[in-house]
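Novice: After the sequence you'll find the predicted model.
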Amino acid sequence: MHDWLLELNAQQQAAVTARPGPVLVMAGPGSGKTRVLTYRVAWLLAEGHARPWNVLAVTFTNKAAREMAERLDALLGTRTRGLTVSTFHAFCARTLRREAQFLPFTASFVIADEDDQRRLLRHIIRQELQLDDKVYRVPAVRSAISRAKNEGHTPETFPRASYRDEVVAKIYARYQQHLAEANLLDFDDLLLWAVRLFEEQPEVRARYQDLFRHLLVDEFQDTNAIQYRLVQLLGQAHRQVFVVGDMDQSIYRWRGADYRNLQRFEADFPDAEVIYLEENYRSTQNILDVAMAVLHVQPRRHRKNLRARRGSGPPVVVKQVFNEEAEAAFIAQTAVTLARQRGIPLDSMAVMYRTNAQSRPVEEELLRLGLPYRLVGAQRFYGRREIKDLVAFLRLAFNPDDVASLERVINVPPRSIGPRTWAALREQAAARGLSPGRALLDLAAHPEAWTAALSRRALKALFPVGEMLQAWHWRVGELSPAQMLDRIVADTGYEAFVRDRTEEGEARWENVQELRRLAVEYEDQGLAAFLERVALVSDQDTLQGQEQGLTLLTIHAAKGLEFRVVFLVGLVEGLLPHNRSIEDPDALAEEQRLLYVGITRARDYLFLLVPQYRLAYGGLDIVEPSRFLEPLAPPLTEGDWPRLFPHLARQLGVGERRSASGRAPARASRAASRPAPRRPRRARLRSGDRVIHPRWGEGVVLQVEVSAGDEIVEVRFEDGAVKMLLADFVQKL
DNA sequence: TTAGTATTAATTTTT
DNA sequence: TTAATACTAA
């Protein structure tokens, strides 16, 4: 018996010490799933069931992998040496580089990000196939291809149910061709090729099966078809497969994840020991009751019974506020109060939202008050223009065939290479069987050979680029990533380009410096390793700043984490559920699970915030409270119920007014042209009118203003407070 | 042909 | 608000 096993409860221990063989752990939130998986690894090693190098533990994010590795080190020290803890993508990338001899590309492939994919597709759709990009929209085609790949379809086997599918299949084929020519693999390819490798090369498969005979997968409900296949291929020989998951936390359907893989696993490994973890060590019963109420609306759901080990706790609060700024103000105020009165440190509090854009108002308020916070993801570091530019240069130095990168930066900073020149270069390069990048190198070496093909003007613009590229490419082996970066910044005059003496320019330059600092860490590992990190490590991992404070992150990014205090903001129709998911029942159900995931991150305090108005590109938009809140009426929660739901209030005979303002005809006339009409309106109120507000009581209108179709009134209430409100929310007396 | 400006259209979640 | 696109001047 190992003393660390005593840290686990009986159920958890049973899972950790299940006899070697397939194990399926089905577990609710806060039941210690990841912990169980981690301890299982420790147990396998400590009991001598496995040698470290025979273990492959797969997580979903790099961060989870890092934390698991750290925890194992803490448990076992050096006995974990040689252990592999990785994400699917990173594991596949490594495998493909190692086994490149069996594959139709070289080990020096570069990973294409979404930007590269879009560039390639845009070119194919518009230039090569001359299609209407309004009909074949790049994002739509991209996701169709991605979906096809996740289901294991090649361009040939792409399911064709319509003419459109024919065309998409054609685009898909071209796209693959372009990737191959540029020695690029996209995210899906990493998985797809790994599966293909194991399927088609029995001896490679056998080698990996014997090497990684113990396979463990966290968040199994998030695996897609390809990842599932990979688990099957690697695990089928020794059947030492240990997976943990929770169907109710499946929130990645949109990228091909299929929680039914949990059931599939049971079918494919009928001898699997199935273990349920139902006790919840994280949250109070109040929070769990709310979480269950959110889920139980879904029909024919097996009733999940989450049992808290920690008592009932403070009530869950539903709070309706005016807009996002008011949300932010409430959060700041509440956080400070909890910190002062309850001694809860700010770094055990989090603000969670559906979309990254929602972090803005919160950030601004926290900045204003000088409260520390850390932002996860959001302004994606690697997504910033200056970073993408420099990474593109680095990629080009490493791999001149990388068309997507070249297209990005050939005219950065501007050097008179516009679409025409770029098209001409592409064309002439193709005519000679070269990639545009190779053509540039050749052009720098033998400019005279190109005088016939390109205009003097084009040649003059292209030549210096070719020279730079050549200089970098030659020195790939010799310079460290940071040195290469310095060289690129110097050669391109990038500093002068970004530091345009604006504040924004300085911020951009700061980012460049940050990238350089990162590059320095890859001094020994080289450019290839650095580029791989940039491609695979999302900025979800890069918590910005070392400063401790409130954590701001999307609900997706929060999965697997826990905080003592959680503020969920923007719980309104259109955000959660998101507009894009409202039509599709499956997507809607996923939004619901997303809320469930958010709620179950909270240990002690949970605040559900509902703004009445939302700032959408310009004007204020009125928003309805999220439908998911309806089943959360008191006594489940405390707060602004039932004011939240006017339609229910109306049934009670309160608050009738909103349909009588004469805007119904206006809406009807516009409804035909636009699906979500903005309400046009003339001022309904005048200064001097007496009005009543459900929250602030009676008052006098001081000023009326109509902007962006909304009527905004300034009202002095009886307590002397003067507030700006939307006229919708006051009633004329 | 390109660079710079005016216009307009559209906004999820991530490896 | 931001990004993509159309238009105009050099």
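Specialist: Everything's here; your move. Numbers count the residues shown, from 1 in each chain, chains lettered A, B, ... in the order given.
Novice: going forward, measure contacts between C-alpha atoms and count neighbours the same way
Specialist: Will do.
Novice: can you give me the strands in the stretch 51-200 of chain A?
Specialist: Here the stretch 51-200 of chain A has its strands, by DSSP state E, counting those that start in this stretch, at A:55-59, A:84-87, A:110-112, A:184-186.
Novice: Could you chop chain A up by domain?
Specialist: A:3-99+A:191-277, A:110-182, A:290-301+A:311-372+A:546-652, A:386-502+A:517-533, A:690-732 (automatic domain parsing).
Novice: As JSON lines, the ones you listed with distance to A:Thr284, mean pLDDT and mean neighbour count would be great.
Specialist: Shown next, in JSON lines, are those (distance: least, C-alpha to C-alpha, whole Å; pLDDT from 0 to 100; neighbours: other C-alpha atoms under 10 Å):
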{"stretch": "domain A:3-99+A:191-277", "distance to A:Thr284": "11", "mean pLDDT": "92", "mean neighbour count": "19"}
{"stretch": "domain A:110-182", "distance to A:Thr284": "38", "mean pLDDT": "86", "mean neighbour count": "17"}
{"stretch": "domain A:290-301+A:311-372+A:546-652", "distance to A:Thr284": "5", "mean pLDDT": "84", "mean neighbour count": "18"}
{"stretch": "domain A:386-502+A:517-533", "distance to A:Thr284": "39", "mean pLDDT": "89", "mean neighbour count": "18"}
{"stretch": "domain A:690-732", "distance to A:Thr284": "30", "mean pLDDT": "68", "mean neighbour count": "17"}
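Novice: Redo those domains as JSON lines? Include distance to DNA strand B.
Specialist: As requested, those are exported to JSON lines (distance: least, C-alpha to the nearest atom of the strand, whole Å):
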{"stretch": "domain A:3-99+A:191-277", "distance to DNA strand B": "5"}
{"stretch": "domain A:110-182", "distance to DNA strand B": "6"}
{"stretch": "domain A:290-301+A:311-372+A:546-652", "distance to DNA strand B": "4"}
{"stretch": "domain A:386-502+A:517-533", "distance to DNA strand B": "3"}
{"stretch": "domain A:690-732", "distance to DNA strand B": "12"}
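Novice: Distance to A:Glu510 added to these, as JSON lines?
Specialist: Compiled in JSON lines, the domains of chain A are given as follows (distance: least, C-alpha to C-alpha, whole Å):
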{"stretch": "domain A:3-99+A:191-277", "distance to A:Glu510": "24"}
{"stretch": "domain A:110-182", "distance to A:Glu510": "23"}
{"stretch": "domain A:290-301+A:311-372+A:546-652", "distance to A:Glu510": "16"}
{"stretch": "domain A:386-502+A:517-533", "distance to A:Glu510": "10"}
{"stretch": "domain A:690-732", "distance to A:Glu510": "37"}
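Novice: May I have the secondary structure class of the residue nearest to A:Gly570 when sequence neighbours are not counted?
Specialist: Spatial nearest neighbour of A:Gly570, excluding adjacent residues (C-alpha to C-alpha, 6 or more residues apart in numbering): A:Val610 at 5.6 Å. Put simply, A:Val610 is strand when judged by DSSP: H, G, I helix; E, B strand; the rest coil.
Novice: Name whatever forms a beta bridge with A:Val610.
Specialist: Beta-bridge pairing of A:Val610 under DSSP bridges involves A:Gln320.
Novice: any idea how far A:Phe322 is from it?
Specialist: 8 Å (C-alpha to C-alpha, to the nearest Å).
Novice: what does A:Asp289 give?
Specialist: Note on A:Asp289: its distance to A:Phe322, by C-alpha to C-alpha, is 27 Å.
Novice: what sits against A:Phe60?
Specialist: When contacts are counted by C-alpha atoms under 8 Å, 6 or more residues apart in numbering, A:Phe60 touches A:87-88, A:218-219, A:222.
Novice: 7 Å instead, please
Specialist: Going by C-alpha atoms under 7 Å, 6 or more residues apart in numbering, A:Phe60 touches A:87, A:218-219.
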